[in-house]
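>>> what's the 3D shape of this:
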Amino acid sequence: GNRRGANTPLIADATKALKVGENEIVIVVRDLTVLMNPDYVNQADPQPSCFYLDVPGYFSASSPSIGSVDILTSPLIAVEDVQALPSFRNKTLIARYAVANRRDVPAKVKVRAQVLDGGKSVLLLDEREMILAPGKKEDLEVQKSWQNPQLWGPANPHLYVLAVEIFDPATGGRIDLARERFGFRECWIDGPDIVLNGISIRPKGGFDPREEMPTLTRGTQGRVDWYDEMGRMGFEMTTMLTNSPSRHNLEREQYWESAKQNAVEHVKMWINHPSVVGWDISNGWPIWAAMRRIPCFPANGSRTFLIL
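Predicted coordinates for the structure are as follows:
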């Protein structure tokens, strides 16, 4: 697989490429020229420039880098893309997830989705039998009323687990279990106010938590799980739309389409973290263009888009 742009995960299914015995995964990181409009790249002497981009990526032509590399395994029949979408205003929880069958034959399965608290079931969302087509993935969405959950917030950062299981209906044996931790909370903008679970708040802000802990920061600085557990709040930059005074970039449709697609992929990594209360779609001068080109859509109904 491949991915162009910064702050964007590369997730590739390597199953069919693996062989018995030793395997090698090669990761290639290329410079800024691969993100550029090819009409502005001299193939005989390519020079990187952030002024002629097809994909948002860097402030300058400085060297790129990669983050962590993980190899994950799963059964051939597996749960994927689990999202927990709580709504304080509607008193509901929406669960979205996919069930994939990577076998060459159909599979009859039973799927159960429930909320756990301390390992005990507190809300059964759905339980059904279904037949999965070979080599296909089926997306599911269920909604359940939930009148009295423990709310997540700075004073009580209570965390639940959304657990989705797949069983063999013939034997009752469990095939797969996917668990995503989440907090029941909703944050939105009401006029000049930031509202958390129906209460207007004035969070103390800061760029990076150090000695004195602020309650709202620009990004979680790699500490998102800790933020969830401590009741801190932050927002994440999703598109890498950064300062580069370029008319080409503003008018290049491919640039904005790439920004939108990469934002969606990036948000998927953070969607279940209650500490992430907003998405930062731009830094500095492109704000007006980002507002015009990228709809301010929350990835789920309980998130707020912050444009800072």
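>>> just say helix, strand or coil for K137.
strand (DSSP: H, G, I helix; E, B strand; the rest coil).
>>> and it, bridged to which residues?
Beta-bridge pairing for K137 (DSSP bridges): A100.
>>> count the residues that sit near it.
14 (other C-beta atoms under 10 Å). For every residue, glycine as well, the C-beta is placed using N, CA and C.
>>> check contacts around it.
E80, A98, V99, A100, N101 (C-beta atoms under 8 Å, 6 or more residues apart in numbering).
>>> which one of those is nearest V69?
E80 (19.7 Å; C-beta to C-beta).
>>> I'd assumed that closest one was in a helix, is it?
No - using three-state DSSP, the assignment for E80 is strand, not a helix.
>>> and the contacts of K137, which of them are buried?
Taking 16 or more other C-beta atoms under 10 Å as the criterion, what is buried in the contacts of K137 is A98, V99, A100, N101.
>>> how about the contacts of K137 in JSON lines, adding pLDDT and distance to M269?
Below are the contacts of K137 laid out as JSON lines (pLDDT from 0 to 100; distance: C-beta to C-beta, whole Å):
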{"residue": "E80", "pLDDT": "94", "distance to M269": "14"}
{"residue": "A98", "pLDDT": "97", "distance to M269": "16"}
{"residue": "V99", "pLDDT": "98", "distance to M269": "21"}
{"residue": "A100", "pLDDT": "96", "distance to M269": "19"}
{"residue": "N101", "pLDDT": "96", "distance to M269": "25"}
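>>> what bridges to P86?
Counting by DSSP bridges, the residues bridging with P86 are L93.
>>> against L123, how distant is it?
Computed with C-beta to C-beta, to the nearest Å, the distance linking P86 and L123 is 11 Å.
>>> joint contacts of those two?
Joint contacts of P86 and L123 (C-beta under 8 Å, 6+ apart) are L93, W146.
>>> these two: which is more packed in?
P86 (27 against 17).
>>> so what's the more buried one up against?
Here P86 is in contact with T92, L93, I94, W146, P149, F182, G183, F184, R185, E186, S302 (criterion: C-beta under 8 Å, 6+ apart).
>>> does the nearest residue to I131 once chain neighbours are set aside belong to a helix or a strand, and which?
Residue nearest to I131 in three dimensions, not counting chain neighbours: K108, with 5.1 Å by C-beta to C-beta, 6 or more residues apart in numbering. Using DSSP states H and E, the element containing K108 is strand 107-117.
>>> all set, thanks.
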